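In: Okay, sequence plus prediction incoming.
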Amino acid sequence: MGDQDSQPGDAANELRNRLAPTAAQMGLRVPVGEGESSDDKIVPEVNLAWPIGKKLGRELGQLISRGCGIYRMGDRIVTVDELTGKTETMTSVRFGSWLEHWVETVKYDRFGELRPVTMGDALAKQVMAADQFRFALRELKGVHPVRMPVLRDKGKRVELLKPGFDEESGIFTCESIRYPTDMPIEEAFDVFHDILKSYPFADLGPALSDFRENRSVAVHVAMTLGNFCRGFFGTGVLRPMAMIIGNQPGTGKGTLAQGQLIPIYGLPKIARKPKDDAEFDKLLDTQAIRRSPYYILDDIGAGLYSNALNAFITEPIHSGRKMGGQEEFEAPNVTQVIATGNQIKTTRDLERRSLIIELHLAGEVEGRVFDQLIDPLYLSSPEVRKRVLAALWAMVRTWSERGCVKVTNVKPTFERWTEVIGAIVRGAGFGDPLQKPELGAGGDEESQAWKEFLGMLAGECMMPGEDSRDFTIADMLKKIEEWEDQPEIGFSMDDLVGAARDQNKAFGRRLAKWKGREILDTQGRLVQFGNRRQAKKRVYPCTVVAAPAPTSTTSEASAP
């Protein structure tokens, strides 16, 4: 029913229905004005002269905690817009006027009469800080803008949440898009094929079977499902980062990243890569405090080296300092991180924390012709969102009907997420999203550069028969300077340390990660640089662990 058709009493009746039972249980008086019946006055009366904790805070909290859209979320008190799902932090300045939507706040005047009065800022601060008020409010653990599933009965049953607040999960569900819940699983596969078939996924052949088994396609479906199924995973369950690597501009990586979110959230907000880890820390603190469901880093350039991001992806609880002060906070990490870029050079740590999609376009971007232009505006249209949401639910529903069986080939550190999402993707007829990628565009080039450098250092500087030799960082830096300009050398200082401001310091920090690692040198020997318990970091002993494997003799090689 549109606004023009609504009757003046509709809102009053709805408000009365929400508050009357609670008010009656609490024995609160409903004021009646001159010429009004008791049915005309719909809001209960709250006396601001009551003691703040044991009466005003407790009873006000009990009264408005049901049906008034106010919740406790971490250390914040928030309101939720029932139509959009937008959360807004409640402030003491706002609280007094907001409260008048739901109750009538009164005080005795000098004649002993109860008169309506707006709660002031100072009193609002005291009430909102009172434990009796805060813990009368229900805890909000998440807001879903569309109907999304949760697991019940210790993961044995799936339920699609209805609009409103779900007591068991602590999730508030809006219904910004209504979609069918009976799509067949075969049609669900077709929905993704129609949207993704024009993307240049690496190693994608012309046949439909190639599309079904393509690893990058499966990763995209998995990440979209992971966002749809976020209600499956409680506090402390880690989510791998989605990384989309293109071999050139124009492959569609930005649209693909947004496509993992648009069915659920509509057009998403996009961020740029921070200039340094200090700025990264601040931005990640903000995501954690807000409990942001996603964080997109689009077009990050050729490298992504961030200790702050590495830690954020693998920490169940994020802690930090609130902006503009020294107050510390802790918040559950519920944010899905997505990053895109061309020829991204990742670190080994970041690659281990990610599910990677590769886009490889062999020809030129210009002149490509599509049956249907797939862009964010197309993906955000209501009809497309309905079809994708219906497809996602079909995949989850099918997994549930088959007994909620999980896969065993999980991704380390992300076991709980990957055992479920991997199973749903495979059950829908796609390939294995957890298959290890063989990266061609970008990838962990830093590790390869270090292996080549250390292997060459040992092979060129340790004579045959020499069991060990000490190398200082100064020795190594000198060798890099000597070698990196030679055309046959496949590494440079930039490959080893990235775009660090002080490359020499960064070199020492990166080298420490190779302490105790075994690699092959250019003479075929297995060597170890330093050891795990090494105290001095300025000197690295290189020790031969195993001699080169013996070559086969002519008779051995020709033997049948």
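Out: Thanks, I have it.
In: Now do the helices in the stretch 51-200 of the chain.
Out: Secondary structure of the stretch 51-200 of the chain (DSSP state H, counting those that start in this stretch): helices at 58-64, 92-99, 121-129, 131-134, 185-196.
In: can you list contacts of the very next helix or strand once past the longest one?
Out: Okay, so that is helix 185-196. Sequence order places helix 208-213 as the next helix or strand after helix 185-196, per DSSP states H and E. Applying Cβ atoms under 8 Å, 6 or more residues apart in numbering, the external contacts of helix 208-213 come out as 189, 193, 196-197, 204, 217, 429-431. The way it works is simple: take the backbone N, C-alpha and C, and place the C-beta from them, glycine included.
In: Kindly recompute the last result at 10 Å.
Out: 189, 192-193, 196-197, 201, 203-205, 207, 217-218, 428-432, 435 (Cβ atoms under 10 Å, 6 or more residues apart in numbering).
In: Give the buried subset of those residues as a ChimeraX selection command.
Out: In ChimeraX syntax, the buried subset of the contacts of helix 208-213 is picked out as below (16 or more other Cβ atoms under 10 Å):
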select :189,192,196,197,201,204,217,218,428,429,430,431,432
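In: so what's residue 421 up against?
Out: Residue 421 touches 221-226, 228-229, 232-233, 239-240, 355, 399, 406-407, 410-411, 414, 433-434, counting by Cβ under 10 Å, 6+ apart.
In: which sections of the protein are below the confidence cut-off?
Out: In the predicted model, the chain carries pLDDT under 70 at residues 1-42, 301-304, 323-325, 346, 367, 439-445, 499-500, 531-537, 549-560.
In: Apart from its neighbours in sequence, what residue is nearest the residue nearest in space to the middle of it?
Out: Most central in the chain under Cα atoms, centre = their mean is residue 336, positioned 0.9 Å from the mean C-alpha point. Excluding its sequence neighbours, the residue lying closest to residue 336 (Cβ to Cβ, 6 or more residues apart in numbering) is residue 294, at 4.7 Å.
In: Now do the contacts for the one you found.
Out: So residue 294 contacts 227, 230, 239, 242, 257-258, 260-261, 264-265, 268-269, 287, 334-338 (Cβ under 10 Å, 6+ apart).
In: Buried only: go through these for me.
Out: 227, 230, 239, 242, 257-258, 260-261, 264-265, 268, 287, 334-338.
In: what's the burial count for the closest residue to residue 126 other than its chain neighbours?
Out: Take residue 126 and drop its neighbours on the chain: the residue closest to it by Cβ to Cβ, 6+ apart is residue 52, 5.2 Å away. With neighbours defined by other Cβ atoms under 10 Å, the count for residue 52 comes to 17.
In: got a list of what residue 52 touches?
Out: 58, 60, 123, 126-127, 129-130, 132-133.
In: before we move on, back to that, quick one: the residue nearest to residue 336 from residue 138, how far?
Out: When distance is defined by Cβ to Cβ, to the nearest Å, residue 294 is 25 Å away from residue 138.
In: Equivalent analysis for residue 70, please.
Out: From residue 70 over to residue 138 (counting by Cβ to Cβ), the distance is 9 Å.
In: Please enumerate the shared neighbours of the two.
Out: By Cβ under 10 Å, 6+ apart, the residues touching both residue 70 and residue 138 are residue 61.
In: Can you show me the helices along the stretch 251-400 of the chain?
Out: With DSSP H, counting those that start in this stretch as the criterion, the stretch 251-400 of the chain has helices spanning 253-259, 262-265, 277-290, 307-313, 348-352, 376-379, 382-401.
In: and residue 446, which of those is closest to it?
Out: helix 348-352 (7.1 Å; Cβ to Cβ).
In: who does the closest one touch, helix- and strand-wise?
Out: Judged by 3 or more Cβ pairs under 10 Å, 6 or more residues apart in numbering; DSSP states H and E, helix 348-352 is in contact with strand 241-246, strand 303-304, helix 307-313, helix 445-461.
In: So which of the ones you listed is the most surrounded?
Out: strand 241-246 (a mean of 27; mean count of other Cβ atoms under 10 Å).
In: Quick check: bridge partners of residue 47?
Out: residue 106 (DSSP bridges).
In: Report the contact partners of it.
Out: Going by Cβ under 10 Å, 6+ apart, the list of residues near residue 47 reads 28-29, 55-56, 59, 104-108, 114.
In: Among residue 70 and residue 138, which residue is more densely surrounded?
Out: Neighbour comparison, residue 70 and residue 138: the larger count goes to residue 70, with 21 against 17 (by other Cβ under 10 Å).
In: Can you tell me how far the closest residue in space to that one that isn't next to it in sequence is from residue 69?
Out: Take residue 70 and drop its neighbours on the chain: the residue closest to it by Cβ to Cβ, 6+ apart is residue 79, 5.2 Å away. Distance check for residue 79 against residue 69: by Cβ to Cβ, it reads 5 Å.
In: any idea how far the residue nearest to residue 342 when sequence neighbours are not counted is from residue 482?
Out: Closest residue to residue 342 apart from its sequence neighbours, by Cβ to Cβ, 6+ apart: residue 246 at 4.9 Å. The spacing between residue 246 and residue 482, counted by Cβ to Cβ, is 35 Å.
In: Touching both of residue 79 and residue 69, which residues are there?
Out: With Cβ under 10 Å, 6+ apart as the test, residue 79 and residue 69 both reach 87-88, 98, 140.
In: tell me which of those residues is nearest to residue 148?
Out: The nearest one, if we look at the shared contacts of residue 79 and residue 69 relative to residue 148 and count by Cβ to Cβ, is residue 140, at 15.1 Å.
In: tell me the contacts of the nearest residue to residue 464 once chain neighbours are set aside?
Out: Leaving aside its sequence neighbours, residue 464 sits nearest to residue 523 (Cβ to Cβ, 6+ apart; 6.7 Å). Going by Cβ under 10 Å, 6+ apart, residue 523 touches 455, 458-460, 462-464, 544, 547-548.
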